[in-house]
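here's a sequence, model it:
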Amino acid sequence: MNCPVRKKRPTRDSDFSAIVVPSMHGSGYLDYTVENHASRSFLAIDEFRRQEMLCDLVLHVTYKDRTMDFKVHRVVLASCSAFFRAMFTRGFKECSASEVTLRDVCPEVVGRLIDFAYTSRITVGEKCVLHLLLAAMRYQMEDVAKACCDFLTKHLEPANVIGISRFAEEIGCTELHKTCRKYINSHFSQVTKVDEFFSLSHCQLLELISQDSLKVLCESEVYKACTDWVRWDMEGRAQYLHALLNAVHIYALPPKFLKNQLLSCPILSKANSCKDFLSKIFQEMTLMKLPPAPIRGTQLIYVAGGYRQHSLTTMQAYDPRRNVWMNLADMGTPCSGLGACTLFGLIYIVGGRNLSLQTNLDSSSLCCYNPMTNKWSQRASLNIPRNRVGVAVVDGCIYAVGGSQGSVHHNTVESETSFYVFVFKSSAVAGADVCRSRPLCNVIKADNRLSPDLLPFVLCRWDPESNRWSFVFPMSVARLGAGLVSLNSYLYAIGGYDGQNQLCTVERYNVSRNIWEPRASMRHCRSALGVTVHQGRIYVFGGFNQHGFLSSIERYCPDQNEWTLVTDMPDGLSGMGVTVTMEPCPGSLPELEDEDEAM
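Alright, predicted model coming up:
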């Protein structure tokens, strides 16, 4: 029997009223997201563009005598360009126009921008990067502009940085312009040797050298850059020399350098007003009537080597402003009892000893650290090894005073000359009448004489002009392994060992009165300490006392005659070399060495 065929009736909403959907984890909804939906959709939209489907706009791009047409979807351009978003949404005539003309822009560059809008990919190369950046800035496509800036930043070098900096400033690319200025500041010496530097206007050069953030080893680099720039076009630029010299930190120039310029600089011989200006400053230097020399950039305190159970190879820098330590390139050879000083921005490490369970060797080496490159180089050695040597700089020369080799204590002094060309030749100066290791050695700035402590109580002074030693008023107490530093025409003797105990006491030598004056004592007794001056205050580092190796750092303010505990070193040390110079250039440091990872 045939079953009758029933006709299917239409489904009504009421038919579902009795159906119950089970609860899913207490919620009546299920969220479902397709992660690659947007990228798949844009792939489809890009395919529509290439097949000229659903496009609602034709871009006519004209450049000189060429025109190229692009069929696009305006919503895609508006989604990644603030320029097109405003054009298509703010009531301009282009909102409803089927055709828009872009003038004075390379069609191929616009084609790359359109490709990026659809695909999120852009290829940046040396030949196209400036054109792409200009167009990206013009049409406010920030992601493309960032890609171009990243490319240019990675390829900055002295030969192109000035041109890129100008270009960035002209098109309003602020971040790239700042990056270029930082690069110029950090590589000033190299930048001033390329052709682009000599194309600067006098206003641009004046703005550049007026920056305190300029990183130079010595102010003579700034002076020479100015005179080289003038020499490039003597007739047209000589009139600007006086204004440029006013921006140079003349009082920071080494006196010997300035004297040589006054005697032999051909530009000064033709600029009488400039020569008179510099002559007056040189006379003030000779009479020691000097205002504080302004400092360019940030000055850090460097701590080299030292001793803790054995001699160390480490080189570290301390930034008092941020209370941050950073690790720098090792010296290579362990060294303690060394002397340290700064000359023309470079750090020099003199003598010392490599002391460990396996080794006990006194050193005659002279090593140089360049903060611009974070690298060490070996210089001409001393004539004899000098452990616990006294080191000072007088009139552009480094002097190594006293020290010891094994059980022999030296009464001789050596000097290194010709530092302007960085050629080192040792020359003997008059030996002291008595010998002593661990000499206190520094410069009395008031009369530019060298002062090593060769006896426990008696300070000797050496006059470089007469090459003679003379005794000055004795200290109040024996200070073996003390720190000695000059500040404001005083010589401070800090801590030390009196034969029985480490000392916390401090006294200073008054040059004009030829007496020692007691000053406030440190918080901790210490000998074999490191000491230096930073921004008008004395810093002491580490040392040794009856409790062991010290890690504490103390700071002395001469105006208040007061010591303050600052912080601790990463490790307790003694016998290290301490000095001050410019901060290392960021590009010379390992990538790990940032503020958070710098200890």
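
state the phi and psi torsions of the residue nearest to F198 when sequence neighbours are not counted.
The spatially closest residue to F198, leaving aside those adjacent along the chain, is W232, at 4.5 Å (CB to CB, 6 or more residues apart in numbering). The way it works is simple: take the backbone N, C-alpha and C, and place the C-beta from them, glycine included. The phi/psi pair for W232 (degrees, to the nearest 10) reads phi -60, psi -30.

can you read off the pLDDT for W232?
pLDDT, W232: 94.

and if you look at N2?
pLDDT, N2: 53.

swap in the one 5 residues further on?
pLDDT, K7: 53.

same check, this time on the one 3 residues further on
At P10, the pLDDT value in this model is 57.

hang on, the earlier thing: and for the residue nearest to F198, the neighbour number?
If you count neighbours by other CB atoms under 10 Å, W232 ends up with 14.

before we move on, what about T62?
T62 has 14 nearby residues by other CB under 10 Å.

again with N514
Other residues near N514 number 10, with proximity taken as other CB under 10 Å.

I'd say it and V472 touch.
Yes. Judged on CB atoms under 8 Å, N514 makes contact with V472 at a distance of 6.0 Å.

ends of stretch 111-131, how far apart?
Taking CA to CA, to the nearest Å, the first and last residues of stretch 111-131 lie 12 Å apart.

tell me where the stretch 51-200 of the chain has helices.
74-80, 82-89, 107-119, 129-138, 142-154, 161-171, 174-186, 188-191, 195-198 (DSSP state H, counting those that start in this stretch).

in CSV, list the C-alpha atoms belonging to the first one.
As requested, the backbone C-alpha atoms of helix 74-80 are provided in CSV (Å, rounded to 0.1, in the frame of the first residue of the first chain):
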residue,chain,number,x,y,z
ARG,A,74,39.4,54.3,-0.3
VAL,A,75,38.5,52.6,3.0
VAL,A,76,41.8,50.7,2.9
LEU,A,77,43.8,53.9,2.4
ALA,A,78,41.9,55.6,5.1
SER,A,79,42.6,52.8,7.5
CYS,A,80,46.4,53.3,7.6
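
thinking again about what came up before, closest to Q211 out of the helices of the stretch 51-200 of the chain?
helix 174-186 (6.4 Å; CB to CB).

need the residues that contact that closest one.
133, 149, 152-153, 156, 161-162, 164-165, 168-169, 191, 208, 211, 213-215, 297, 372, 585-587 (CB atoms under 8 Å, 6 or more residues apart in numbering).

ok, now stretch 558-573?
When contacts are defined by CB under 8 Å, 6+ apart, stretch 558-573 is touched by residues 303, 306-308, 312, 316, 318, 320, 323, 325, 487-488, 490, 519-523, 530, 536-539, 541-542, 548-557, 599.

which among those residues count as buried?
The neighbour count (16 or more other CB atoms under 10 Å) marks 303, 306-308, 312, 316, 318, 320, 325, 487, 490, 519, 522, 530, 537-539, 541-542, 549-556 as buried among the contacts of stretch 558-573.

L102 touches L113, doesn't it?
No. Between L102 and L113 there is no contact, the gap being 10.2 Å when judged by CB under 8 Å.

who has more neighbours, these two?
Neighbour count, other CB under 10 Å: between L102 and L113, L113 has more, with 22 against 17.

just checking: what are the partner strands of whichever strand or helix holds M326?
Per DSSP states H and E, M326 falls inside strand 324-327. As defined by DSSP bridges, the strand partners of strand 324-327 come to strand 315-319 (antiparallel).

what does the partner strand contact?
In contact with strand 315-319 (CB under 8 Å, 6+ apart) are residues 298, 300-305, 324-331, 369, 553, 569-570, 583-584, 599.

T505 versus R523, what's the distance?
Counting by CB to CB, to the nearest Å, the gap from R523 to T505 is 12 Å.

check L217 too.
Note on L217: its distance to T505, by CB to CB, is 37 Å.

same deal with Q546?
Separation of Q546 from T505 (CB to CB): 16 Å.

run through the bridge partners of the nearest residue to E507 once chain neighbours are set aside.
Spatial nearest neighbour of E507, excluding adjacent residues (CB to CB, 6+ apart): W516 at 4.7 Å. Here W516 sits in beta bridges with Y509, going by DSSP bridges.

got the contact list for W516?
Neighbouring residues of W516 by CB under 8 Å, 6+ apart: 473-476, 493, 507-510.

switch to 6 Å and redo it
Counting by CB atoms under 6 Å, 6 or more residues apart in numbering, W516 makes contact with 475-476, 507, 509.

out of the residues you listed, who's nearest L200?
Nearest member of these to L200, counting by CB to CB, is Y509, at 47.8 Å.

pLDDT score assigned to the closest one?
At Y509, the pLDDT value in this model is 92.

likewise for L455?
The per-residue pLDDT reported for L455 equals 42.

please save the CA atoms from stretch 326-338 in CSV.
In CSV, the C-alpha atoms belonging to stretch 326-338 read as follows (Å, rounded to 0.1, in the frame of the first residue of the first chain):
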residue,chain,number,x,y,z
MET,A,326,78.5,50.0,34.5
ASN,A,327,81.0,47.4,33.5
LEU,A,328,83.5,48.4,30.8
ALA,A,329,86.2,46.6,28.8
ASP,A,330,88.7,44.8,31.1
MET,A,331,92.3,46.0,31.2
GLY,A,332,93.5,42.6,30.1
THR,A,333,96.2,42.2,32.7
PRO,A,334,95.4,42.1,36.5
CYS,A,335,96.7,45.2,38.3
SER,A,336,96.6,46.8,41.7
GLY,A,337,98.7,49.5,43.3
LEU,A,338,98.4,51.3,40.0
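
so where is the stretch 451-599 of the chain shaky, pLDDT-wise?
For the stretch 451-599 of the chain, the stretches with pLDDT under 70 are 451-459, 464, 587-599.

in it, which spans are strands?
460-463, 468-471, 483-487, 490-494, 506-510, 515-519, 530-534, 537-541, 544-545, 548-549, 552-557, 562-568, 577-582 (DSSP state E, counting those that start in this stretch).

who are the packing partners of the last one?
This points to strand 577-582. strand 299-304, strand 339-343, strand 346-350, strand 530-534 (3 or more CB pairs under 6 Å, 6 or more residues apart in numbering; DSSP states H and E).

and the contacts of the longest one?
Taking CB under 6 Å, 6+ apart as the criterion, the residues outside strand 299-304 that touch it are 315-319, 340, 347, 349, 532, 534, 576-580, 583.

partner strands of that strand, with direction?
strand 315-319 (antiparallel), strand 577-582 (antiparallel).

just want the angle from the first one to strand 346-350.
Relative orientation of strand 315-319 and strand 346-350, computed by axes from the mean of the first three to the mean of the last three CA atoms, to 10 degrees: 130 degrees.

could you pull up the mean pLDDT of stretch 87-96?
Across stretch 87-96, the average pLDDT comes to 90.

give me the distance between the two termini of it.
Start and end residues of stretch 87-96 are separated by 10 Å (CA to CA).

quick one: residues in contact with it.
74, 78, 100.

relative to R353, which of these is nearest.
A78 (72.5 Å).

that closest one: what's its closest spatial neighbour, skipping adjacent residues?
Nearest non-adjacent residue to A78 (CB to CB, 6+ apart): R85, at 4.3 Å.

do you know how far the closest residue in space to T153 that isn't next to it in sequence is from L503?
Nearest non-adjacent residue to T153, counting by CB to CB, 6+ apart: T179, 5.4 Å away. Distance of T179 to L503, given as CB to CB: 51 Å.

who's more crowded, these two?
Set side by side, T179 and L503 show more neighbours around L503, with 24 against 20, by other CB under 10 Å.

pretty sure the more buried one contacts G495?
Yes. Between L503 and G495 there is a contact at 5.1 Å, judged by CB atoms under 6 Å.

confirm that Y32 sits in a helix.
No. Y32 is assigned coil when assessed by DSSP: H, G, I helix; E, B strand; the rest coil, not a helix.

for E52, give me its contacts.
K71 are the contacts of E52 under CB under 6 Å, 6+ apart.
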